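Colleague: starting from these lines, generate the structure:
(chains A, B, C and D)
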Amino acid sequence: MNGLLVLFDLVLLAGIVGVAWRCLASTDLFRAVVLFITFGLLLALAWVRLEAPDIALAEAAIGAGITGALLLVTLERLRSIMAERHTGRPHTPPPDPTGPHALLRALHDPPPERRTFLPALTFALVVGGLLVTALWHQPQSTGLEPVVDAHMDVSGVDHPITAVLLNFRAYDTFLELAIVLIALLGAWSLGRHDLIPARPAPGPILPGTLRLLVPVAIVTGVYVLWAGSHAPGGAFQAGAILGAAGILLVLARPRQLPMAPGAPLRLGLTGGVALFLLVGLYGLVAGHGFLGYAEAWAYPLIILIEVAATLSIALALVALFVAGRPTGDDA
Amino acid sequence: MNGLAETLAHTLAPGLLYPTAGAILFALGLYGLIRRHHLVLRILALNIMGSGVFMVLLGVAARGEGPPDPVAQALTLTGIVVAVSATAFALALVVHLTRLTGHAVMLPGPPDDDVPVEDISRETHHADGSPADPSSGEDRPS
Amino acid sequence: MIPADAELLPGAIAGLVALSLAVAILATAWPRQAHRIGLLGALAVTAWVLGLSALFLNAGPDPEAAATRVALGGWEAPLGLMLHLDGLSMTLLVLTAVVGLATSLYSLGYVHDRIERRQFWPLWLWLWAGLNMLFLSGDAFNLYITLEVVSLSAVALVAFTGTAAAVSGAVRYLLVNILGSLSFLMGVVLLFGEHGVLDLVLLEARTEAGPTERMAAVLMTAGLMLKAALFPLHVWLAPAHGSAPAPVSAVLSGLVVTGSFYLILRLWMGVFAPLATPAFGILVGMLGVAALVWGSLQALRAGRLKSIVAYSTVAQFGYLLVAFPLMLVDPGAWRVVVFFAVVHALAKASVFLAAGTLQHAAGHDRLADLGDVLRARPRTVFALGLAGVSLMGLPFTGGFIAKYLLLEAGLGTVLAGSVIGVLWVLAIAGGGLLAAAYILRMVAPTFHRGREDAGETVSPWMDWVPLGLATIAALAGLAGTLTLNTLALTPGAP
Amino acid sequence: MIANTLTIILILVGLVFFAAGTAGLLRFPDVYSRLHALTKADNVGLGLVVLGLMFQASGPADILKLLLIWVLVLAAGTTAAHMVAQRTWTHGEFESDR
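Modeller: Model prediction:
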């Protein structure tokens, strides 16, 4: 049995490294992106094997799902930009007159130059080799598991990862929400040009399926959020599921998106961090320290923060997918 | 012979096997980052490097007896969200760069920084994504 | 010693974090009023930092007990996260507040377009909050998160004008930053795997010179060197700093780069202290000399005012690297290095702000055609010159004291019998001469005969703030003793 | 014992369908026939695997969840296949299919 497990490990890891290699070696960007999504799904399997179901859930939803959607829509945007440039300026000759796909140049990367091969290989081998050496010399330390375990009964929740994320190391989680927001502010600061390129109407099938799937996604998201207090799940996974549902809705609209008005959208986006800050300040004033909770209040406060965080993350992920800043913003 | 089997069993334990694979992914991403020029591929390479770091972290957390370290898992979760945020922002920048210059390739070597820059303090400038003067800002078109 | 101060300190530290975050969140939620929120917030944060420093100096006369650690949420390390305030972080917080306030006031005039304003202020306030949190963080993983807050908002600020040069500089800057962060994170993961803790103080107690520490040191230092643009990992700096709007360049060159340097110093004085050997010091010192020479030559060649300033950052940070071998001989020298970094940040920020004013007036910053505006704007030129003099290290400026102390430390190395010390002395002295050359290059057109043309009108903020900041940089010499004494309140450091 | 045997047999048969579908994906010449191989084989294959797992379920709730998974995958797979086919119809073969 143990031998079979080792075999599984080896096959899985070989697959992961192989897919990553094919992804980075590919000259066609579409192929690279599809391989990257595969890579994310294989990683989720690896996380399950390492007894990290929370991370597997997050990897599948965020790492493979949302990142994959972002990459694919980026390729679609690059394609449409290039097509526009080439049809819009008839004087510019296509760079590669031999192929009909010349205007898709933005979606191709020529094979790397030969001269970078040896230096890059040497560098990567040295870094990898040193890393492996250092890792093989490490002791079998138990990490912080016993410490977390000893404090679980005062954390307010029953799931250790949620306890770490929203109680013991809540400050990290707070800043993480801030980072999502900053990335969105950065994308918005580039302008409000980025409507999704016009596509033919998707026909009745996609909207029909969504009518079935979106309610299921919402129920699943709420369940995952609620489950986070005692089982794998939590705000980030739930936010990613709801965000994915939102992205699907965006995709099902054939052309123009109804842009969300600026003010409510901003309020929803900052709700997560704002609530976190208020709870943190309350802790500071009440004498539990910044971001601290009274033991009796820990559970309701954690749930409250998680609900706000879920909504903010879902909104931010959809907004990052749409990428342009809301129209009302510039009024 | 027995010693060899023991070493093998030790080496193939998930607490060592997965960190090793993580280190390989890290190095592989680094290799791709150096060799590929298209910005989307470079972003993919950085993501693969990041996954390598997470694999080391989770592998290290799974070492030893007993349940895996929840702190390491929480850190990984945080790391994944940070990675997707940075990726989304980077992709938005790449789309914008392509819109302005017509390519999404970061050319090797130091760029020509004697190109004058637009001064937002001076003109009435609307960041609607249209290049102010298409001829002035081209970043060394290939 | 007033005991009440020591009791107030933890609350004041957490309060600073909360206040800077609150200002940033408020500006994000209400972008229409972002500039007003930003101005009030800048004043409030500066006042809070000054109050905090008064508390800190009153509370901690004993260097070994001067670090105040705040357990967030009441959870002590290793379970929870600790904020950490000592003389080093206090100094840099005050520096950030001074430069931050100056930049905020300048931006009132500089970013006047109402739509630009809504993009600029929230990002700038996030960057400032990120820097404050970076200097206060005492946990390895939390450092990674705060580094990401700083770098993402910094990249967004570089890109937000949306021009091709800015976006291309920003993309490069972002990729470099992500790579640096990942490298740093890998080092954190290695340390965590070996020792099972993330708190810097606990890590420091457990580290010795093993393979994990060596590899982690390489990864984390290389990652931070990338972010700090320390030679030879500096290629991205000039495009990003040179093409950003002036207040952003000032903050990037003055504060963000200093933040990464602060972390390198903190790690090498704490966790990686057992690894510092003379050979390592000499290697780093050599890199510093190379940076000094290369950056200065590029600054002498560059055609644009802001490019000159950006390359001078590469050169000036060479000094910081040259100081590493000195620190190994004279452990107390690190305080001089930090003092130098502080003076550099003040002077560099005011040079960038002055350059922004000139660029605004002239509509470009090509040095060759800038003479008319330079001649007509003596106040800005005086700010440029005054800050430049500080960068060069002429007598009676903050820069002079810093370089003098560095030189003294270098001579001490020579006297201690080290031959290579001669190289450090030559580099420190020669670097000053090179700096003089490229700074004179910036102001030289003023003294040529020619037309005077004030160019576009300039808001009073843009006119006066560079001068004020340059004056502070020049007068920083007067605060030298205070700074060095504050820095002495860093436990564990020599 | 019988339940275990049934589970093993059903999952093995399901895997055969997966293998056939994958072979079709790799060997068939154009997008439409690949989709045909993939969707049909995967739907039956997954159905058999789900059926096999039902014998291991601890209660009706588990069985319901497994069924739900199958139905949702069917719905998503059908839609995705439809969209891929539609895109191919309007845009031609994908760039990466040479």
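
Colleague: mind listing what residue C:288 touches?
Modeller: Neighbour list for residue C:288: C:231, C:318, C:319, C:320, C:321, C:322, C:323, C:324, C:427 [criterion: C-beta atoms under 8 Å, 6 or more residues apart in numbering or on different chains]. All C-beta atoms are positioned from the backbone trio N, CA, C, and that covers glycine.

Colleague: try it again with 6 Å
Modeller: Going by C-beta atoms under 6 Å, 6 or more residues apart in numbering or on different chains, residue C:288 touches C:318, C:321, C:322.

Colleague: make JSON lines out of those and add distance to chain B and neighbour count.
Modeller: Conversion of these to JSON lines gives the following (distance: C-beta to the nearest C-beta, whole Å; neighbours: other C-beta atoms under 10 Å in any protein chain shown):
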{"residue": "C:318", "distance to chain B": "17", "neighbour count": "28"}
{"residue": "C:321", "distance to chain B": "20", "neighbour count": "27"}
{"residue": "C:322", "distance to chain B": "23", "neighbour count": "26"}
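
Colleague: so which of those residues sit within strands?
Modeller: Judged by DSSP state E, the contacts of residue C:288 include no members of strands.

Colleague: isn't residue D:55 right up against residue D:2?
Modeller: No - in this structure residue D:55 lies outside contact range of residue D:2 using C-beta atoms under 6 Å: 8.5 Å.

Colleague: distance check, residue C:225 against chain B.
Modeller: To chain B, residue C:225 is 16 Å away according to C-beta to the nearest C-beta, to the nearest Å.

Colleague: that residue and residue C:234 touch, don't they?
Modeller: No - assessed by C-beta under 6 Å, residue C:225 is found out of contact with residue C:234, at 8.6 Å.

Colleague: these two: who's more crowded?
Modeller: residue C:234 (26 against 23; other C-beta atoms under 10 Å in any protein chain shown).

Colleague: state the pLDDT value of that one.
Modeller: Note on residue C:234: pLDDT of 75.

Colleague: also residue C:431?
Modeller: 84.

Colleague: how about residue C:397?
Modeller: pLDDT, the model's per-residue confidence, is 69 for residue C:397.

Colleague: cool, and the one 10 residues further on?
Modeller: You'll see residue C:407 listed with a pLDDT of 80.

Colleague: swap in the one 4 residues further on?
Modeller: Confidence at residue C:411, expressed as pLDDT, is 79.

Colleague: which SS state does it fall under?
Modeller: helix (DSSP: H, G, I helix; E, B strand; the rest coil).

Colleague: burial count for it?
Modeller: Residues near residue C:411, counting by other C-beta under 10 Å, number 16.

Colleague: what do you get for residue A:2?
Modeller: Residue A:2 has 9 neighbours, counted by other C-beta under 10 Å.

Colleague: for chain B, see how far away it is.
Modeller: 8 Å.

Colleague: where's that residue relative to chain D, distance?
Modeller: 20 Å.

Colleague: quick one, what contacts that residue?
Modeller: Counting by C-beta under 6 Å, 6+ apart, residue A:2 has no contacts.

Colleague: in the stretch 201-331 of chain A, what residue lies closest to chain D?
Modeller: Residue of the stretch 201-331 of chain A nearest chain D, by C-beta to the nearest C-beta: residue A:209 (4.2 Å).

Colleague: what helix or strand is that residue located in?
Modeller: If you go by DSSP states H and E, residue A:209 is part of helix A:205-227.

Colleague: tell me which residues in whatever helix or strand comes next after that helix are buried?
Modeller: Counting by DSSP H and E, the element after helix A:205-227 in chain order, helix or strand, is helix A:235-252. Residues A:235-252 are the ones in helix A:235-252 that count as buried (16 or more other C-beta atoms under 10 Å in any protein chain shown).

Colleague: same question, stretch C:376-384
Modeller: So for stretch C:376-384, counting by 16+ other C-beta under 10 Å, buried means C:376, C:377, C:380, C:381, C:382, C:383, C:384.

Colleague: next one: stretch A:53-73
Modeller: A:53-71, A:73.

Colleague: quick one, strands of chain D?
Modeller: Using DSSP E, strands in chain D do not occur.

Colleague: chain D versus the nearest residue to residue C:210 once chain neighbours are set aside, what's the distance?
Modeller: In space, and not counting its chain neighbours, residue C:210 is closest to residue A:137: 6.8 Å by C-beta to C-beta, 6 or more residues apart in numbering or on different chains. Residue A:137 sits 41 Å away from chain D, going by C-beta to the nearest C-beta.

Colleague: next, count neighbours for the residue in chain C that chain A sits nearest to.
Modeller: Proximity of chain C to chain A (C-beta to the nearest C-beta) peaks at residue C:156, 3.1 Å away. Using other C-beta under 10 Å, residue C:156 has 31 other residues around it.

Colleague: go on, residue C:477?
Modeller: Residue C:477: 21 neighbours (other C-beta under 10 Å).

Colleague: returning to that earlier point: the helix holding residue A:209 vs chain B: in contact?
Modeller: No - contact of helix A:205-227 with chain B (C-beta under 6 Å from any C-beta of the partner chain) is absent, the minimum separation being 13.0 Å.

Colleague: taking helix A:235-252 as reference, get the angle to that helix.
Modeller: 170 degrees (axes from the mean of the first three to the mean of the last three C-alpha atoms, to 10 degrees).

Colleague: mind checking how far helix A:205-227 is from the chain centre?
Modeller: Taking C-alpha atoms, centre = their mean, to the nearest Å, one finds helix A:205-227 lying 18 Å from the centre of the chain it belongs to.

Colleague: quick revisit: between residue D:55 and residue D:2, which one's more packed in?
Modeller: Each of residue D:55 and residue D:2 has its neighbours counted (other C-beta under 10 Å); residue D:55 has more, 16 against 7.

Colleague: model confidence for the more buried one, exactly?
Modeller: For residue D:55, pLDDT reads 90.

Colleague: ok, now which ones touch residue A:179?
Modeller: Contacts of residue A:179 (C-beta under 6 Å, 6+ apart): B:82, B:85, C:148, C:149.
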